[in-house]
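J.: got a predicted structure here, sequence first:
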Amino acid sequence: MSTPCPCGPGSYHSCCEPYHAGKKSAPTPEALMRSRYSAFVLKLWDYLIATHHPSHLHGLTQTLLAEGPHPQWRGLTVHDSQFDNLSGEVFFTAWYRDDDRLDGMCERSSFVFEQGQWFYTQGKQYAPKLPGRNDPCVCGSGKKLKQCCLGK
């Protein structure tokens with residue numbers, strides 16, 4: 001049985017693993033953002049540094065990324081994605097549990113295409129719109145939120 005990909009669609013083997021393993025580069029900003037979310041879930045700090053544009057690292061290192069605490073990632077919602085040949089943006093919410101409550105990191109991320117691959121540059125964060133208790137769970141289980149990640 002295949003392992004589900006943390007970013008949502010399909011199995012990890014056919015979704016984000018080829019990017020994480022360096023077998024291929026993400027073809028779009030959304031694919032890169034999804035693979036970066038999965039890298040956060042899987043704690044693949046080297047991948048996060050490698051896909052972050054060098055001029056936008058501002059001292060960020062694998063060591064800093066590895067410092068905790070780390071939230072319990074629950075799911076990813078992509079609200080919008082657009083790009084042209086050289087730049088792109090992805091608007092998303094990464095859902096997590098922290099301090100026994102559900103929360104989300106809502107961000108409009110910017111990307112550039114250089115040297116034949118996409119790089120994350122920076123993001124602007126917004127307050128997440130939390131789903132209602134009876135809405136589908138953010139983890140994709142198919143259950144209502146109150147019966148899944150809200151209660152765990």
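T.: Yes, it's here.
J.: do a quick rundown of the strands in this structure.
T.: Per DSSP state E, the chain carries strands over the ranges 72-83, 87-98, 101-114, 117-126.
J.: residues contacting the residue nearest the centre of the chain?
T.: Central residue of the chain (C-alpha atoms, centre = their mean): Y37, 2.1 Å from the mean position. Contact analysis of Y37 by C-beta atoms under 8 Å, 6 or more residues apart in numbering lists 6-7, 73, 76, 92, 94. Bear in mind the C-beta positions are built from the backbone N, C-alpha and C, glycine included.
J.: for K152, give me the pLDDT.
T.: Per-residue confidence at K152 stands at 59 (pLDDT).
J.: which one of the strands of the chain lies closest to G132?
T.: strand 101-114 (11.5 Å; C-beta to C-beta).
J.: for that closest one, which strands pair with it and how are they oriented?
T.: strand 87-98 (antiparallel), strand 117-126 (antiparallel) (DSSP bridges).
J.: now, of these, which is deepest in the fold?
T.: Of all the strands paired with strand 101-114, strand 87-98 has the most neighbours on average by mean count of other C-beta atoms under 10 Å, namely a mean of 20.
J.: what angle do that strand and strand 72-83 make?
T.: Strand 87-98 and strand 72-83 are oriented at 170 degrees to each other (axes from the mean of the first three to the mean of the last three C-alpha atoms, to 10 degrees).
J.: residues touching strand 87-98, excluding its own?
T.: With C-beta under 8 Å, 6+ apart, strand 87-98 has contacts from 28-30, 33, 37, 40, 69, 71-83, 102-113, 118, 128-129, 138-139, 149, 152.
J.: how much space between Y120 and I49?
T.: Going from Y120 to I49 by C-beta to C-beta, to the nearest Å gives 10 Å.
J.: ignore the last one, W118
T.: W118 is 15 Å from I49, by C-beta to C-beta.
J.: also G10?
T.: 25 Å.
J.: what's the neighbour count on the nearest residue to K24 once chain neighbours are set aside?
T.: Setting aside the residues directly before and after it, K24 is nearest to P18 in space (C-beta to C-beta, 6 or more residues apart in numbering), at 5.0 Å. Under the neighbour criterion other C-beta atoms under 10 Å, P18 is assigned a count of 15.
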